[in-house]
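J.: I'd like to go over a predicted model; first the sequence, then the structure.
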Amino acid sequence: MRPWERYFRSVVPYVPGEQPREERLIKLNTNENPYPPAPGVAEALRHMDAEKFRKYPDPAASVLVKVLADYHGLDPEQVFVGVGSDDVLAMAFLTFFNSGKPVFFPDVTYSFYPVWAELFGIPYETRALDDDFCIDPRDYDGENGGVVFPNPNAPTGHLLPLEQIKDILEHNQDVVVIVDEAYIDFGGVSARQLLENYENLLVVRTFSKSRSMAGMRIGYALGDAALIKAMSDVKYSYNSYTMNMPALILGAEAVKDEAYFRKTTQKIVDTRERAKARFADLGFEFPDSLANFLFVKHKRVPAVQLYEALRERKIYVRYFDKPRISDYLRITIGTDDEMEALFSFLESYLN
Ligand code: PMP
């Protein structure tokens, strides 16, 4: 080891799903949307003037913040935007979880939470989901440094009803509670409506799933103006220009087309409901997902074996070699054609 290497920061990074280079494959491994972004996004992209890139973008991201505030019926002071919800969540961890007390999140959840906690030196404790992969609000009682969970949860797809989120908030009035709604648009009820009553609630959203813009990297948070101001101060202490100019313009464009948004999310919901019946017929079990993925376990064939067999056929799904979930595959809902290819392979493989 060279002398300076002794002082390198040593971390165990989050490992994102594979992004294979090859074009001819069925990619159901990272919960992307199989449909393109709203047509207005491509249109705005065609009219983009590269000369504008000469200047820095608006550090306050006002165009996008305003569109999102109007969309959610909030003031612009209640909206924070970032480079994907990963950036927003990282900023929220840095901003809110400084009490020195452990932050609570489920044992089976988005695997980036413990990575940020380790990176920022935030103590944390996981709370075990029950045998059906459900959160018990009572597990979040007691002294803590904050609470964070996705709703629907990832990778299970299970939705926590609003009443139970309220219950968690009622028992955690002295800390910030973050609800990560990356997958809420596929049939869930948003905690947005709780913001009026809970000034310690932060709702985090993304353009990566329901708005088909994972490649653009846009996420945002909704919350009380004091929370948003605190996050902005941390952001300005780190990088003033997180949002690039195309992301601001194209993100705003995407939000304007509500009809397209409804049509594509509904298509994914319909495909998901048909997929549930097919998976059940093939001998799979799964929690009842309200996300754009299903978390499936076969009664007979081990998940890792199916994962390899699918991969061989150029069908990519996600496998987590982790406690409690190593019997499961997380499969993104693709187009009807993609799902048909998946099921016809599974039918012949399993029979
Ligand atoms: N939260 C959850 C629960 C997720 O599954 C993801 C996707 N990996 C994210 C946040 C981050 O998504 P993005 O940064 O693309 O907005």
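T.: Nice, thanks for sending it over.

J.: so what's the residue nearest to Gln19 when sequence neighbours are not counted up against?
T.: Excluding its sequence neighbours, the residue lying closest to Gln19 (CB to CB, 6 or more residues apart in numbering) is Thr30, at 7.2 Å. The C-beta positions use only the backbone N, C-alpha and C, and glycine is treated the same way. Contact analysis of Thr30 by CB atoms under 8 Å, 6 or more residues apart in numbering lists 16-19, 214, 318, 332.

J.: now, which of those residues sits nearest the ligand?
T.: Ala214 (5.4 Å; CB to the nearest ligand atom).

J.: what's the neighbour count on the closest one?
T.: Ala214 has 18 neighbours, counted by other CB atoms under 10 Å.

J.: what parts of this protein come near the ligand?
T.: Residues of the chain lying close to the ligand by CB under 6 Å from any ligand atom are 84-86, 110, 150, 154, 180, 182, 206, 208, 214, 219.

J.: go again with 8 Å.
T.: With CB under 8 Å from any ligand atom as the criterion, the chain meets the ligand at residues 16-17, 30-31, 83-89, 109-110, 112, 150, 153-155, 180, 182-183, 204, 206-209, 214, 217-219.

J.: list the buried residues of stretch 224-232.
T.: Residues of stretch 224-232 classed as buried: 224, 227-228, 230-232 (neighbour count, 16 or more other CB atoms under 10 Å).

J.: between those residues, which is nearest the ligand?
T.: Using CB to the nearest ligand atom, Met231 comes nearest to the ligand of the buried residues of stretch 224-232, at 15.5 Å.

J.: rewinding a little: so of the buried residues of stretch 224-232, which ones are in helices?
T.: When the buried residues of stretch 224-232 are checked against helices (DSSP state H), the matches are 227-228, 230-232.

J.: adding pLDDT, write those out as CSV.
T.: Formatted as CSV, these follow (pLDDT from 0 to 100):
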residue, pLDDT
Leu227, 98
Ile228, 98
Ala230, 98
Met231, 98
Ser232, 98
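
J.: out of those residues, which is nearest to Gln305?
T.: Set against Gln305, the nearest of those by CB to CB is Met231 (44.1 Å).

J.: tell me the contacts of the residue of the stretch 51-200 of the chain found nearest the ligand?
T.: Per CB to the nearest ligand atom, Gly84 is where the stretch 51-200 of the chain lies closest to the ligand, at 2.8 Å. Each residue near Gly84 by CB under 8 Å, 6+ apart is listed here: 206, 208, 214, 217-219.

J.: repeat that for 7 Å
T.: By CB atoms under 7 Å, 6 or more residues apart in numbering, the residues touching Gly84 are 206, 208, 217-219.

J.: could you dump the residues you listed to CSV with pLDDT, neighbour count and secondary structure?
T.: Compiled in CSV, the contacts of Gly84 are given as follows (pLDDT from 0 to 100; neighbours: other CB atoms under 10 Å; DSSP: H, G, I helix; E, B strand; the rest coil):
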residue, pLDDT, neighbour count, secondary structure
Thr206, 98, 25, strand
Ser208, 98, 23, coil
Arg217, 98, 20, coil
Ile218, 98, 30, coil
Gly219, 98, 23, strand
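
J.: out of these, what pair is the most spread apart?
T.: Greatest spacing in the contacts of Gly84, by CB to CB: Thr206 and Arg217 (9.3 Å).

J.: picking up where we left off before, which of the residues of the chain next to the ligand count as buried?
T.: Buried subset of the residues of the chain next to the ligand (neighbour count, 16+ other CB under 10 Å): 17, 30-31, 83-89, 109-110, 112, 150, 153-155, 180, 182-183, 204, 206-209, 214, 217-219.

J.: which ones among these lie within helices?
T.: Of those, the ones assigned to helices by DSSP H are 84-89, 112.

J.: pull the longest helix from this protein.
T.: Secondary structure of the chain read by DSSP H shows that its longest helix is helix 258-281.

J.: what's next to that one, contact-wise?
T.: If you take CB under 7 Å, 6+ apart as the criterion, helix 258-281 is touched by 33, 35, 38-39, 185-187, 210-212, 286, 289, 292, 294, 296, 333, 336, 339, 343.
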